[in-house]
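1. here is a sequence with its predicted model. Questions after.
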Amino acid sequence: MFEKVLIANRGEIALRVHRACREMGIRTVAIHSTADADAMHVRLADESVCVGPPNAAASYLNIPAIISAAEITNADAIHPGYGFLSENANFASIVAEHGITFIGPKPEHIRIMGDKIEAKVTAKRLGIPCVPGSEGAVRTEAEALRVAEEIGYPMILKAAAGGGGRGMKVARNAEELPRVMATARAEAKASFGDDSMYMERYLQKPRHIEVQIIADSHGNVVHLGERDCSLQRRHQKILEEAPSPALNAEERLTFGNQVAESIRKLGYLGVGTVEFLYEDGQFFFIEMNTRLQVEHPVTEGITGIDLVREQIRIASGAPLSFRQEDVKFNGHAIECRINAENPRTFSPTPGKITDYHPPGGLGVRVDSALYSGYRVPPYYDSLISKLIVHGANRNECLMRLRRALEEYVIGGIETTIPLHLELIANNDFMNGDYDIHWLEKFIAGLPPLK
Ligand code: MV4
């Protein structure tokens with residue numbers, strides 16, 4: 001097992017990784033920017049190294065500085081967390097070239113899944129159901145019109161270099177397709193320097209359901225069920241839950257096993273999330289994320305499995321500590337992402353936390369790097385806390401979530417806690433009756449805050 005792990009991240013996820021390391025008897029190295037010298041992840045780690053100025057490009061994304069920090073401190077492994085360098089295949093290779101273990105998938109799989117065309121071609125080859133569309137890239141207007149004619153409108157054009165909602169455009173008919181394609185290409189070229197595009201049938205009211213996969217270096221691949229992440233605003237997830245209110249136990253197990261078998265054929269290593277759109281009882285692959293995700297705690301809630309501990313064990317060459325038949329899905333879990341944002345306008349609200357009282361009690365987990373007196377810096381993502389609640393069933397989970405949100409005090413700045421309270425009081429939400437467009441409509445209909 002590793003003796004020392006460098007955590008190449010900040011905020012709540014740096015703490016999350018630190019906690020797993022501590023429990024495993026592994027020492028930790030924090031890296032930080034000059035803006036994060038007083039951050040909780042720096043205080044808790046055994047050692048820390050400043051890797052650069054506030055802007056992430058020069059610190060949390062500064063590969064030479066991070067490799068130097070690992071070498072100076074003699075770290076055996078690097079955990080990238082999520083975001084930052086977590087899905088950078090080049091970084092994963094460089095880490096390995098320095099004789100350090102990258103706690104994550106193989107660089108080749110990070111690279112494949114980073115190119116959304118290659119990802120989809122690969123998924124199809126593995127037998128994963130995909131949205132009907134072009135076979136690979138669409139090169140010309142004539143080709144796009146031919147594909148659309150065959151599959152039917154509306155169609156969506158997506159950039160190979162996009163993902164997570166960036167570089168997408170919908171064409172409703174053949175008349176507007178050429179214009180939409182030209183615009184999409186120009187935007188992709190400007191944003192990513194790559195204008196490769198592909199096309200899919202546009203699904204009008206799907207849910208976003210993702211399957212958690214975990215694979216060791218001994219050929220064992222297990223699925224840990226799904227998460228429903230349909231509640232998004234501008235492609236930012238707001239609340240996630242497991243299991244999905246839309247699936248029954250039979251669908252969950254059959255589909256989970258199918259996905260796990262496909263990922264086994266790929267020779268994948270580590271944790272991964274296979275994202276699907278789900279409509280009219282059918283799953284359609286959209287993307288695969290080759291990292292630990294923000295919402296991993298909901299899966300931990302219903303399975304009792306520590307995903308970060310398993311990641312570290314897998315990276316050290318150990319086999320999974322459980323088999324598929326050992327995984328039992330227990331109850332229901334919901335995560336609320338609490339952001340330092342105005343709960344109506346969503347503009348960021350960095351500043352000093354004057355009071356801090358997190359909720360607790362049975363079934364309540366708070367993953368956060370906040371403390372009273374902490375100053376939320378303006379340079380990074382506005383996620384400041386994740387409230388994860390578990391209950392024996394969805395109803396108990398919802399009641400407990402309301403209680404926990406009411407208990408949570410974050411003073412000094414505005415947060416999205418009031419939005420979560422409004423959301424979970426809504427009837428459609430309570431009934432699990434929502435798709436990927438529902439939350440935006442819900443927010444648009446909210447009254448002004450007093
Ligand atoms: C789609 C789609 C409808 N049809 N693909 C957005 C994020 C990216 N991962 C894929 N996205 C979508 N792809 C087809 N063929 C609708 C979306 C989409 C979406 C997906 C998941 C969660 C929220 C969303 C919000 C708008 C659009």
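-> Cool, got the structure.
2. any idea how far the residue of the stretch 351-450 of the chain found nearest the ligand is from Met197?
-> Closest residue of the stretch 351-450 of the chain to the ligand, Cβ to the nearest ligand atom: Ile436 (3.7 Å). For glycine as for every other residue, the C-beta is placed from the backbone atoms N, C-alpha and C. For Ile436, the distance to Met197 equals 21 Å [Cβ to Cβ, to the nearest Å].
3. near the ligand, which residues of the stretch 301-450 of the chain?
-> Proximity of the stretch 301-450 of the chain to the ligand, by Cβ under 6 Å from any ligand atom, involves residues Ile436.
4. which residues of the stretch 301-450 of the chain fall in helices?
-> With DSSP state H, counting those that start in this stretch as the criterion, the stretch 301-450 of the chain has helices at 307-315, 394-407, 417-424, 427-430, 438-444.
5. name the stretch among those that sits most buried.
-> helix 307-315 (a mean of 21; mean count of other Cβ atoms under 10 Å).
6. contacts for it, please.
-> 1-2, 5, 16-17, 19-21, 23-24, 26, 77, 79, 101-104, 212, 214-217, 224, 269-271, 292, 296, 299-300, 320-321 (Cβ atoms under 8 Å, 6 or more residues apart in numbering).
7. tell me if I'm right that His437 and Pro206 touch.
-> No - using Cβ atoms under 8 Å, His437 makes no contact with Pro206, being 9.2 Å away.
8. those two: who's more crowded?
-> Taking other Cβ atoms under 10 Å, His437 and Pro206 do not tie; Pro206 has more neighbours (21 against 13).
9. pLDDT at that one, what is it?
-> Model confidence at Pro206, given as pLDDT, is 98.
10. and for Leu449?
-> At Leu449, the model reports a pLDDT of 85.
11. now Ile128
-> 98.
12. that one contacts Lys265, doesn't it?
-> No - Ile128 is not in contact with Lys265 according to Cβ under 8 Å; the separation is 9.9 Å.
13. higher neighbour count, the two?
-> Using other Cβ under 10 Å, the more surrounded residue of Ile128 and Lys265 is Ile128, with 23 against 12.
14. and that one, helix, strand or coil?
-> What DSSP: H, G, I helix; E, B strand; the rest coil gives for Ile128 is coil.
15. coming back round to it: mutual contacts of His437 and Pro206, please.
-> Common neighbours of His437 and Pro206 (criterion: Cβ under 8 Å, 6+ apart): none identified.
16. give me the spatial nearest neighbour of the residue nearest the centre of the chain, chain neighbours excluded.
-> Closest residue to the average C-alpha location of the chain: Gln293 at 3.5 Å, with Cα atoms, centre = their mean. Nearest residue to Gln293, sequence neighbours excluded (Cβ to Cβ, 6 or more residues apart in numbering): Thr273, at 5.4 Å.
17. returning to that earlier point: could I get the contacting residues of the residue of the stretch 351-450 of the chain closest to the ligand?
-> 205-208, 230, 232, 277.
18. widest-spaced pair of those?
-> The most widely separated members of those are Lys205 and Gln232, with 14.0 Å between them, by Cβ to Cβ.
19. who has more neighbours, the two?
-> Gln232 (18 against 12).
20. so for the one helix or strand that one maps to, what's the average pLDDT?
-> Counting by DSSP states H and E, the element that carries Gln232 is strand 221-233. Averaged across strand 221-233, pLDDT comes to 98.
21. just want the angle from whichever helix or strand comes after it to helix 394-407.
-> Downstream of strand 221-233, the next assigned helix or strand under DSSP H and E is strand 236-242. Orientation check (axes from the mean of the first three to the mean of the last three Cα atoms, to 10 degrees): strand 236-242 against helix 394-407 gives 130 degrees.
22. and the very next helix or strand once past strand 236-242, how far out from the chain's middle?
-> Remark: after strand 236-242, the chain's next helix or strand is helix 249-266, criterion DSSP H and E. Offset of helix 249-266 from its chain centre (Cα atoms, centre = their mean, to the nearest Å): 20 Å.
23. which of the three states applies to Pro297?
-> Secondary structure of Pro297, reduced to three states by three-state DSSP: helix.
24. the spatially closest residue to it that is not a sequence neighbour and Arg10: what is the separation?
-> Closest residue to Pro297 apart from its sequence neighbours, by Cβ to Cβ, 6+ apart: Ile388 at 4.4 Å. Ile388 sits 20 Å away from Arg10, going by Cβ to Cβ.
25. Gly193 now?
-> Taking Cβ to Cβ as the measure, Gly193 falls 27 Å from Arg10.
26. circling back to that earlier point, between Ile388 and Arg10, tell me which one has more neighbours.
-> Legend: neighbour count by other Cβ under 10 Å for Ile388 and Arg10, higher for Arg10 (29 against 22).
27. surely the more buried one and Asp38 touch.
-> No - using Cβ under 8 Å, Arg10 makes no contact with Asp38, being 11.8 Å away.
28. thinking again about what came up before, partners of the strand holding Gln232, with directions?
-> Paired strands of strand 221-233, with direction, are strand 207-215 (antiparallel), strand 236-242 (antiparallel) (DSSP bridges).
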